[in-house]
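> Compute the structure for the input listed below.
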Amino acid sequence: MKKLISTGTALLFIITMGFAQKMKVISGNFDFLKGQETIVTKLDFGEVTFYNDNLTEQEYIDKRIKEIEEKDPGESANWVKDWESFKNERFLEKFTAVATESSKKTNITFATEGSAPYTLIVKATWIYPGWFGGVMKQHAKVSTLLQFVESGNPGNVLLTIEADKAPGDIAFVGIPNNNDRIAEGFAKTGKSLARLIEKELK
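So this is what the prediction gives:
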């Protein structure tokens, strides 16, 4: 039995590591990023959907409240508070921290505050929260539309990138909390974006 569990865990590890995010340039180019030191970054949750059923954010919240109340009555309020914290701060903080850390060659800082000539709007379009069951798990998936605009003229979109299904998890170990898994998906997106920019500007 132990051998079977170990084999299954190793296979799951390989499968998890094998998932990669697809990034596609929809329009524009990267020329304006040359020499830039700071990119102001914002997160837009206005049109996000969840699961293959494409639930709205409110439908997703209602679903989670029901699931939590069935297992642990009275705890859903804590989850709602946690969700708001992640949506308003921590998802973006994860994205910008990893994107900045992964931009050593270009020295671009992705900042959540301040001013800069260009702004990156991270539009969340689709999220699958995944699940955790100890040995078995399913990582989160986060899809976004990354739009670089002029800070003084947001209607001028200079570059649009479609970032599809970034895996949100820690290989082998797994993440029990839904919000933490989703946050890792945003972190992966930030890392993939930084690598793409470095590749285009080299």
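
> Off-centre distance for the helix or strand containing Leu146?
When elements are assigned from DSSP states H and E, Leu146 belongs to strand 140-150. On the basis of Cα atoms, centre = their mean, to the nearest Å, the separation between the geometric centre of strand 140-150 and that of its chain is 8 Å.

> for the next helix or strand after that strand, packing partners?
Where DSSP H and E defines the elements, the next helix or strand beyond strand 140-150 is strand 153-168. Using 3 or more Cβ pairs under 8 Å, 6 or more residues apart in numbering; DSSP states H and E, the elements in contact with strand 153-168 are strand 22-28, strand 118-128, strand 140-150, helix 178-201. Quick note: C-beta positions are derived from backbone N, CA and C, even for glycine.

> Please repeat the previous calculation with a cut-off of 10 Å.
helix 2-18, strand 22-28, strand 118-128, strand 140-150, helix 178-201 (3 or more Cβ pairs under 10 Å, 6 or more residues apart in numbering; DSSP states H and E).

> Export those as TSV, with columns for mean neighbour count, mean pLDDT and distance to Glu37.
Conversion of the helices and strands packed on strand 153-168 to TSV gives the following (neighbours: other Cβ atoms under 10 Å; pLDDT from 0 to 100; distance: least, Cβ to Cβ, whole Å):
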stretch	mean neighbour count	mean pLDDT	distance to Glu37
helix 2-18	11	35	33
strand 22-28	12	96	20
strand 118-128	21	98	11
strand 140-150	22	98	15
helix 178-201	22	96	13
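
> which residue packs closest to Lys165, ignoring adjacent ones?
Nearest residue to Lys165 in three dimensions, chain neighbours excluded: Lys141, at 4.3 Å (Cβ to Cβ, 6 or more residues apart in numbering).

> dump the residue contacts of the one you found.
Contacts of Lys141 were listed using Cβ atoms under 10 Å, 6 or more residues apart in numbering, and they are 19, 21, 126-130, 164-169, 181-182, 185, 188.

> Among the helices and strands packed on strand 153-168, which comes closest to Glu101?
Taking Cβ to Cβ as the criterion, helix 178-201 is the member of the helices and strands packed on strand 153-168 that comes nearest to Glu101, at 8.0 Å.

> Dump the host helix or strand of Lys94 to PDB, restricted to CA.
Under the criterion DSSP H and E, the helix or strand holding Lys94 is helix 91-101. Extracted C-alpha coordinates of helix 91-101, given in PDB (Å, rounded to 0.1, in the frame of the first residue of the first chain):
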ATOM      1  CA  PHE A  91      -3.700  38.400  -5.300                       C
ATOM      2  CA  LEU A  92      -2.100  41.500  -6.700                       C
ATOM      3  CA  GLU A  93       0.700  41.600  -4.100                       C
ATOM      4  CA  LYS A  94       1.600  38.000  -5.100                       C
ATOM      5  CA  PHE A  95       1.600  38.900  -8.800                       C
ATOM      6  CA  THR A  96       3.700  42.000  -8.400                       C
ATOM      7  CA  ALA A  97       6.200  40.500  -6.000                       C
ATOM      8  CA  VAL A  98       7.000  37.500  -8.200                       C
ATOM      9  CA  ALA A  99       6.900  39.500 -11.400                       C
ATOM     10  CA  THR A 100       9.400  42.000  -9.900                       C
ATOM     11  CA  GLU A 101      11.600  39.200  -8.500                       C
END
